[in-house]
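Trainee: Pasting the sequence and the predicted coordinates here, then a few questions.
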Amino acid sequence: MLRSASSNPASGALAVEARDLVKDFGDTRAVDGVSLAVPKGAIFGLLGPNGAGKTTTLRMLLGIIDPSSGTRSILGHQRPLEAASEIGYLPEERGLYPAMHARDAIAFMGALRGLPLGEGRRRADALLAGHDLGDWARKPIRTLSKGMAQTVQLLGTIVHKPRLIILDEPFAGLDAINQGRLEELIRREARSGVTIIFSTHVIAHAERLCEHIAIIARGRVAFDGQVDEARSRLRSIVRLRTRAEDGPWRSALPDSARRVGGEWVFELPQGGPEPLLKALIDGGAGIDTLAIERPGLHDAFVAIAGSAAAKDMGQEKPQ
Amino acid sequence: MKHLIRSAFVIGRRDFTATVLSKAFIFFLLGPLFPLLLGGLFGGIGAQVANRTEQPVIAVTFTAPDFARLSAARDRIAPALPDPGLVKFVHYAPAADSNAQVRALLKSKSPPIRAVLTGNLDQPRVTGAVGGDAGLLNQLRLTLADARSPQPPQQPPAIAVTEVAASSGSLAHDRVFTAQIGQMLLFFLTVLLSGMLMSQLIEEKSNKIVEVIAAAVPIDAMFLGKLFAMLASSVVGIVVWISAGALLIQTIKHGGVQTLPPPAVGWPAFLALAIIYFAMNYLLLGSVFLTIGAQASTAREVQTLSMPVTFGQVLLFGFASTAIGASDSNNAIIAAIFPLSSPMVMLARAAERPELWPHLVAILWQALWVAVILRIGAQLFRKTVLKSGPRTSLWRRLRRT
C-alpha cells in the first residue's frame, strides 16, 4: 500500500513533501512516482536495497537533479536551493578537498550554506574538539584516516546548524564505534528539533533510530509511515510449547500453525492473546512456555518489499 | 542574484586561495620569466654573433695600387650604404696559381670569406657564394665603378630638417605595430592561462565534492566562481610578468616603455582597455574551456582535449589578426561581432582608432556572451554530468537558457 503525501497532516507540519516524483535516465526509470511526507522534527529513514532509487530520490529532493515529473517541497520551498542555508547534506560518495585543512573544509561547507567563513572556522574548532579531532584541525584532509575524514564531512554537514539534515548512507564505511557516535549525533540533532532524513540499506539502523520510514523498492515507495505502523502490518508470532501432545486445545490454533523443533509457531489470532490463552487452558494444553514476539522491521520489510529486496538489504550487517 | 554572487564568491575564494597559496603557483609565476631571461641572454649573445658575422668579407687579390683605389672607393660610398651589409675588403697578394689561391681563400675560417675578387679593376671576377645576394653584387659593381673613375669629393648639399613627433604615415605604422603587439600579448596570455580552466572541475569530480557543492549552490555559481578565481590568479601572474617585462624594457631600451609607439586612444585608456579585454577574452574562452573540460572525467581526457582547443585558439587569433590595419573592413567587423575573437579585434582597434564608444558596446556584447556561455555550460553540466533535467529538445533548452 502506498501512502500518498496528501493523506498527511497539513503541509506546514511537513519538512519535506514529494508528490509523484519520477526520474528517467535515458530509457531507464530510476524513480517511479515516489511520494513522501516527512514531518518536521522526525528521524525519517529511507530504506531499500542498492539501486532501489533512494539516492536519486534524495538528489531530487535536494535539487541536485530535477525530476522528470512530479513536485517536491522542502522546508516550504518549491526550489530546494532556496532553502540551502537550512539544509545539511552528506552524500553517499564522500568527498573533500585533500589539501584543505580540516577546519577549513568544515568552514567551507558552512560557507556554501551561507555561514560566514570566520564563524565557520570558530564552530569547526569547537566541533572538532568535541569529536576528539581538535589536534587535527589544522592538518590537511589527506593526512586524516578515512573515518576521520568522514567525521569531518559530517561536521561540515551540520556546522551551519541546519533545520533539515539529509544523510545518504551515512553509516557506510564506518566502524562500530563511529556508527555508534553517528547514531548519537543523529539523536542529539533530532532532540534539538532538527528533521533528519537518512537512507540506508541496513535495517537495524532504521529500526534503532527512526520513527518514520519509507521503504523503496524498484523505484517505488512500498511503504511510507511510522515504524510501528509497518510492524503492525504483521501479526505477532506466537511460540507455544505444551506438555499435552493433543487435545481439544488444538482447535484454538490457527490452520497455519506449524511445528518447529517441538514448538508450535503461528500468527497471533485476530482476537488477541486472551481468548487464545483461555482456549489453551480450558482445552488442557498444559502450557510449558508461551512467547508472543512482535515482528521486527526486517519482517515487515520482507512482507512489504519482498524477500528478494530483503536479501539485497541483508548483504551488509550493522555493527 | 544575490545568492548566485555570494555562492560564486565562496567557490571563487576557495579556488583562488587553493591556487595562489600552493607551492606550484611559485613555478607558475616563474615559468614565463625563464624564457624571458633566457631570451634576453641568448638574444644578447646572438646579436653579438650577428654583428660579427653579418659584415660580408671579400678577399681581393688585386695589385696593391688597384686595391688602394678599391678601398678608397668603398670609403667614399660607405656613408650611403647600410652598416651591417657593407662589405669589408681584405687584400691578398695575387699568387701564381690563381685558382688554387681562390679555393684556399674560400676555405679560410679566419676571417670567414664570402667571395674572392680576382683580376683587376678593369676585368674583375667574383668567385663565391653570392648568387642570392643581389645587394652584395650591386655594392661591388658600384664600388668598382667608383674605383675606375673616382668622383671628386663633393660637399653634399645641406637639407633643412624640421622634426615632428609623428606624421600620418609614421603614426599608422606605429599603431599597427602596437595593435599587433597588443593582440599577440592578449592571445599568448589567454593561451597560457585559460587552458588551465579545462581541468578545473576534475578535482571536484574526482573527489566527489561536486555533489556537496551542487546541493548547496547553483551550478552557474560554481562555474562563475571558478572562472573568476582563475582570472584573479592569472591577473596575479600577469602583474608579476608585466612588471618584470617593463623592468626589462626599461633596462634594455633607451627611454624605457615611454618610447613604445602610442596607441590611438592614448596609453591610459589603452591599458585600461587591455585589462578589460584580457578579462573578457579570458572569461569568454575560459567559459568555453570550463564547459568542455567539465565534460571530461579524467586528466587524460583533458589532455586529449587540450590540443584541438589550442588549435581553435590559434584560428581565432588568425581571424582576429585580419582586422589589424583595416579596422572598418568587413572582416574586422565580423571578427569584432564574433564573441570569441571580439576582445582581440577590439584591442587592436584601440591601438589604431581613437573612438571610445565602440569599446563600450563591445564590452557589453562580450559580457552578455560570457553569461550566455556560462549558462549553457552549467545547463550542460547538470544534464550530462549530474544527469539532471527532463528530456527536452536542444532548441527548447537554448530558448530557456
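Mentor: Arrived safely, thanks for sending.

Trainee: Just give me the neighbour total for residue 95.
Mentor: By default, I'm working from chain A. 20 (other CB atoms under 10 Å in any protein chain shown). Yep, even glycine has a C-beta here, placed from its N, CA and C like the rest.

Trainee: Chain B is the one I meant
Mentor: 13.

Trainee: got a list of what the residue nearest to it when sequence neighbours are not counted touches?
Mentor: Spatial nearest neighbour of residue B:95, excluding adjacent residues (CB to CB, 6 or more residues apart in numbering or on different chains): residue B:101 at 4.0 Å. Contact partners of residue B:101, counting by CB atoms under 8 Å, 6 or more residues apart in numbering or on different chains, are B:61, B:92, B:94, B:95, B:116.

Trainee: what about residue B:101, helix or strand, and which?
Mentor: helix B:98-106 (DSSP states H and E).

Trainee: Residue B:240 too?
Mentor: helix B:219-252.

Trainee: what mean pLDDT does that helix have?
Mentor: The average pLDDT within helix B:219-252 is 82.

Trainee: Report the buried residues of the next helix or strand after that helix.
Mentor: Per DSSP H and E, the first helix or strand lying C-terminal to helix B:219-252 is helix B:267-295. Within helix B:267-295, the residues that qualify as buried are B:270, B:273-274, B:276-294, counting by 16 or more other CB atoms under 10 Å in any protein chain shown.

Trainee: So residue A:23: helix, strand or coil?
Mentor: Following DSSP: H, G, I helix; E, B strand; the rest coil, the label given to residue A:23 is strand.

Trainee: any idea how far the closest residue to residue A:256 other than its chain neighbours lies from chain B?
Mentor: Nearest residue to residue A:256, sequence neighbours excluded (CB to CB, 6+ apart): residue A:266, at 5.9 Å. Residue A:266 is 49 Å from chain B, where distance means CB to the nearest CB, to the nearest Å.

Trainee: Tell me the confidence at the residue nearest to residue B:95?
Mentor: pLDDT, residue B:101: 88.

Trainee: circling back: tell me which residues in the helix holding residue B:101 are buried?
Mentor: Those would be B:101, B:102, B:105, B:106, for helix B:98-106 by 16+ other CB under 10 Å.

Trainee: residue in the stretch 201-319 of chain A nearest to chain B?
Mentor: residue A:219 (14.9 Å; CB to the nearest CB).

Trainee: before we move on, what about chain A?
Mentor: residue A:95 (3.0 Å).

Trainee: Helix, strand, or coil at that residue?
Mentor: Going by three-state DSSP: residue A:95 is coil.

Trainee: That one touches residue B:210, doesn't it?
Mentor: Yes - counting by CB atoms under 8 Å, residue B:210 is a contact partner of residue A:95 at 7.5 Å.

Trainee: which residues sit in contact with the residue of chain A closest to chain B?
Mentor: A:153, B:204, B:207, B:208, B:209, B:210, B:211, B:212.

Trainee: State the helix or strand in which residue A:295 lies.
Mentor: Here residue A:295 is assigned to no helix or strand, by DSSP H and E.

Trainee: Likewise for the one 3 residues further on?
Mentor: Following DSSP H and E, the helix or strand that holds residue A:298 is helix A:297-305.

Trainee: List the buried residues of that helix.
Mentor: A:297, A:299, A:300, A:301, A:302, A:303, A:304, A:305.

Trainee: what subset of those is also close to chain B?
Mentor: With the criterion set as CB under 8 Å from any CB of the partner chain, no member of these is near chain B.

Trainee: Among these, which one sits closest to residue A:32?
Mentor: residue A:305 (14.3 Å; CB to CB).

Trainee: Quick check: the residue of the stretch 51-200 of chain B nearest chain A.
Mentor: Taking CB to the nearest CB, the stretch 51-200 of chain B has residue B:200 as its residue nearest chain A, at 12.9 Å.

Trainee: Quick one: neighbours of that residue, just the number.
Mentor: Number of residues near residue B:200 (other CB under 10 Å) recorded here: 23.

Trainee: On the three-state scheme, the closest residue to chain A within the stretch 1-150 of chain B is what?
Mentor: Closest contact between the stretch 1-150 of chain B and chain A, by CB to the nearest CB, is at residue B:10 (4.6 Å). Following three-state DSSP, the label given to residue B:10 is helix.

Trainee: what's the neighbour count on it?
Mentor: 24.

Trainee: Next to chain B in this structure, residues from chain A, please.
Mentor: By the rule CB under 8 Å from any CB, the part of chain A lying against chain B is A:24-25, A:59, A:62-69, A:81, A:84, A:87, A:89, A:91, A:93-100, A:108-109, A:111-114, A:117, A:153, A:156.

Trainee: low pLDDT regions in the stretch 1-150 of chain B?
Mentor: Scanning the stretch 1-150 of chain B for pLDDT under 70 picks out the ranges B:35-37, B:39-54, B:82-84, B:132.

Trainee: can you list the residues of it near chain A?
Mentor: Checking the stretch 1-150 of chain B against chain A by CB under 8 Å from any CB, the hits are B:3, B:6, B:7, B:10, B:11, B:13, B:14, B:18, B:22.

Trainee: ok, of these, which come out buried?
Mentor: So, by 16+ other CB under 10 Å, the buried ones in these are B:7, B:10, B:11, B:13, B:14, B:18.

Trainee: Regarding the spatially closest residue to the second one that is not a sequence neighbour, which helix or strand does it belong to?
Mentor: Computed as CB to CB, 6+ apart, the closest residue to residue B:10 that is not its neighbour in sequence is residue A:111, at 4.6 Å. When elements are assigned from DSSP H and E, residue A:111 belongs to helix A:102-112.

Trainee: right, and the helix or strand after that helix?
Mentor: Past helix A:102-112, the next helix or strand by DSSP H and E is helix A:117-130.

Trainee: residues of that next one that come out buried?
Mentor: A:120, A:121, A:123, A:124, A:125, A:127, A:128.

Trainee: ok, the nearest residue in space to the last one that is not next to it in sequence - how many residues close by?
Mentor: Here the nearest residue to residue A:128 in space, its sequence neighbours aside, is residue A:137; by CB to CB, 6+ apart that works out to 4.8 Å. Taking other CB under 10 Å as the criterion, the count of residues near residue A:137 is 19.
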